[in-house]
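Peer 1: model this:
(2 chains)
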Amino acid sequence: MNARLEALAAEARTRWDADRATGREQINLCLDTSSLARGGAETLAALEAAIGARGLSVDITATGSWGFCWLEPTLSVRSAGGTRTVLYHSLTPDRVDEFVEATIVAGGDFPELALGVVEGVATDEIGLLEDHPFIQGQVRRLMANSGQIDPANIDHYLVKQGYEGFAKSLEMEPEAIIELMIESGLGGRGGAGFLAGRKWDFLRNATADPRYLICNADEGDPGAWVNRILMEGDPHLIVEGMLIAALATHSVEGYIYIRHEYPLSIERMNIAVEQARDRGLLGEDILGSGKTFDLVVFVGAGSYVCGEETGLINSIDGYRGMPRTKPPFPAQAGLWNKPTNVNNVETYANAPLVLREGAEWWSSVSEDEAKGTKMFTFSGAVNQAGCIEIPFGLTVADLLEKYAGGVPGGAALKGYQPGGPLSGILPASEADLPLTIAPFRDLGMFLGSGGIVFFDESTSIIDLCTYFVGFCEDESCGRCTTCFQGTQRAVEILRRIGNGGGRETDLDKLEDLIQTLVWSNCLHGSFALTTVKLALRYFRDEFEMLIREKRDPTRSLPGMITYEITAPGDPSMVEAVAVCPTEAIVGEGAGYTIVDELCIRCDACREVAPDAITVRDRFAITVEASAAG
Amino acid sequence: MAAVPSISELRELVAGYEFERGHLLPALIEIQERYGYISKDAIEVVARQFRSTPALVYGTVSFYADFRTEPPANREITWCSGPACRLRGGDRIREALQHTLQLPLDGQSRDRAYALRLGQCNGTCSEAPQVWLDGKVIGGLSVAQAVKLAREVKDGV
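Peer 2: Numbering: from 1, shown residues only, chains lettered A, B, ... in the order given. Here you go, the predicted structure:
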């Protein structure tokens, strides 16, 4: 083990121990983006006020997330003696006073908001956190520290064996590091699953210098926030992973490209990089090894296609973020046309674990062909929008039931999207697929980066297609006609179908477009219509019903419905008239009517007057068609 | 936030940036953070600093959704375009916001009092459907609530 790292770790340990032996209670309050969205900052202010008002002294640390995103703000309270730590959830400012009274003043628990005991013994009212249904079955390696350490303090990471994997790699030849990475079977976590070790080997074998590393933290897939959880919860894991990759590939500089929508991730990664540099873990002569490597946190400016590795490279280079043609591959000519390796945040974050614990330990967690753990976030038609880390291979249905808490209101699941607008959609009947690389690849789609979106029976497939293809159209870089024009044509056709103007030939036209877009330069174009491709395979009847019967089974498409006042005398009609943004409700008293031309189908009136207003099918052809059929 | 950046100020601001170091986006981001937008003058100053042309710099500016070439409005409703929001009526909220504010997405009122922006998902999906009012999350929004919020912003309440 590296002597300098040992010294750093020992100093960190001394400060950590001193911080924990103050005789004060310690609160770890999750203050990540999800918590802030749910009032985390207000809870912090209320806690500080309540503690101050009582003349108490308590240490409060802002941490990352445990993954209970739908229950934020979460916080753990460690007792003054350090013998007991309990995790709580949903602490709103109005509950803070009684919370402080119970946990700090009385030194007891607050069972009503408890999730579980982190350290110490379970009671009748609070079980162990590890037995909590949301935690059970998870294998939290990347998330091991998240929520439990201060992400803005490198000491905490060092105490948790931080940089030990890097120290090990310092004693290894680059070939040996790469061999170990390949042996572990760590595949790229951005979606394609290509072996990270092989990718690193391309860069190691490059003939030009200098060489660069890029960490892709552009996480643009809407509904995915696993990278954000990592960067906000344990940023040094990424710094260490990139250091290891730098040694293996002879790279001198690395860029962490973070989307501007993640200001807190940017802040915490910047702090981590600065602290690593201060401790001699970045810069020249790292830990006395003579090696040089430094990191730059680079902020994006809003472009989905910059998540494609060559688009990302162009973006750092200072151009429009348009993906390049390959070859040359980044390992030959990447950043400034120098050899470059691009990996996802989660890929780099796994490297320290592989080095520290060995390839066998690392890969043995999963029986699956895909090795290691994978983080997933889930949202949409779920009771619990959160983040977990599990071995590959759990079925989608199990994830939905066990971790996402099922579909709200007991509604039936209609389908899901495994990982981003390019990955495609599948029906509920395919929810028994295991979450790993192969089954999705076999269906002509891909697992993606980990953001699963579930949808229920109230969702129109045509609306989903229009939405996701519209997203791809907006974000097309404009290089390939197949992509930027093809997505436009597809959106036009989908809108036409969704407005009741669909033609018999439209589905063939869509199939033509699907075939054509495959020839786009990058993944964005070639996968832009995956959603439509799979929708036509699994939900074709919904398209046909719209085209032939002019009927939308979900009664949600604006072009297929009208709003009608069925109880004009209802007292809530006054509010309905007032809320309408287009003044489409005219008349008064019993004579209220809706001017169809003005109505934008926003549903505001029905929300406030549910008993007075009814949604009807816009077209009457239904009867005729079903009579004929 | 200075209202109209002067050319000398802009030159000073970007003096340390070098194109060869990947500094174009950082320079543009710094200008926008300082002045709220990237003016025509700023594009010319950046082009000169980077030994490029205004057309190329503008090409980059226009590629990224976050760069603005007009001063920002005083108040901003940012509508989340993410899937979790969409599945919970987000698109109806968009329609209602646009009609209430009489603005397209990424449009602002003539007097720059208020604007409607398209926002990308940042993974706070438990709050769906949501908008950000001047950066602050307003989640679990009904269409009727969105209409009321937009009217308040429009009327300067």
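Peer 1: span of stretch A:408-425 from start to end?
Peer 2: 20 Å (CA to CA, to the nearest Å).
Peer 1: tell me where the model's unsure across the chain.
Peer 2: I'll assume chain A. A:620-629 (pLDDT under 70).
Peer 1: can you look at chain B instead?
Peer 2: For chain B, the stretches flagged by pLDDT under 70 are B:1-3.
Peer 1: residue of it closest to chain A, please.
Peer 2: Per CB to the nearest CB, the residue of chain B with the smallest distance to chain A is B:Gly123, at 2.5 Å. Placement of C-beta: from N, CA and C, glycine included.
Peer 1: that residue should be in a strand, yeah?
Peer 2: No. Under DSSP: H, G, I helix; E, B strand; the rest coil, B:Gly123 sits outside any strand and is assigned coil.
Peer 1: count residues in the vicinity of the residue nearest to A:Arg601 when sequence neighbours are not counted, would you?
Peer 2: Once flanking residues are discounted, A:Arg601 sits nearest to A:Pro558: 3.9 Å by CB to CB, 6 or more residues apart in numbering or on different chains. By other CB atoms under 10 Å in any protein chain shown, 19 other residues sit near A:Pro558.
Peer 1: A:Pro558 contacts A:Asp603, correct?
Peer 2: No. A:Pro558 lies out of contact with A:Asp603 (CB atoms under 8 Å); the separation is 9.4 Å.
Peer 1: what's the overlap in contacts for these two?
Peer 2: When contacts are counted by CB atoms under 8 Å, 6 or more residues apart in numbering or on different chains, A:Pro558 and A:Asp603 have B:Arg92 as shared neighbours.
Peer 1: residue 27: what's its closest spatial neighbour, skipping adjacent residues?
Peer 2: Using chain A here. That would be A:Ile60: by CB to CB, 6+ apart, it lies 4.7 Å from A:Ile27.
Peer 1: switch to chain B, that's the one I care about
Peer 2: Take B:Ala27 and drop its neighbours on the chain: the residue closest to it by CB to CB, 6+ apart is B:Tyr17, 4.4 Å away.
Peer 1: then the residue nearest to A:Ile27 would be within a strand, right?
Peer 2: Yes. The assignment for A:Ile60 by three-state DSSP puts it in a strand.
Peer 1: that one against A:Cys30, yeah?
Peer 2: No. Between A:Ile60 and A:Cys30 there is no contact, the gap being 11.5 Å when judged by CB under 8 Å.
Peer 1: how about the nearest residue to the residue of the stretch 151-300 of chain A found nearest chain B, chain neighbours excluded?
Peer 2: Nearest residue of the stretch 151-300 of chain A to chain B (CB to the nearest CB) works out as A:Trp225 at 2.5 Å. Spatial nearest neighbour of A:Trp225, chain neighbours left out: B:Gly123 (2.5 Å); criterion: CB to CB, 6+ apart.
Peer 1: if we can go back for a sec, quick one: contacts for the residue nearest to A:Arg601?
Peer 2: A:Asn499, A:Ile600, A:Arg601, B:Arg92, B:Glu95.
Peer 1: what does A:Lys374 give?
Peer 2: By CB under 8 Å, 6+ apart, A:Lys374 lies in contact with A:Arg189, A:Glu346, A:Glu389, A:Ile390, A:Pro391, A:Phe392, A:Leu435, A:Gly450.
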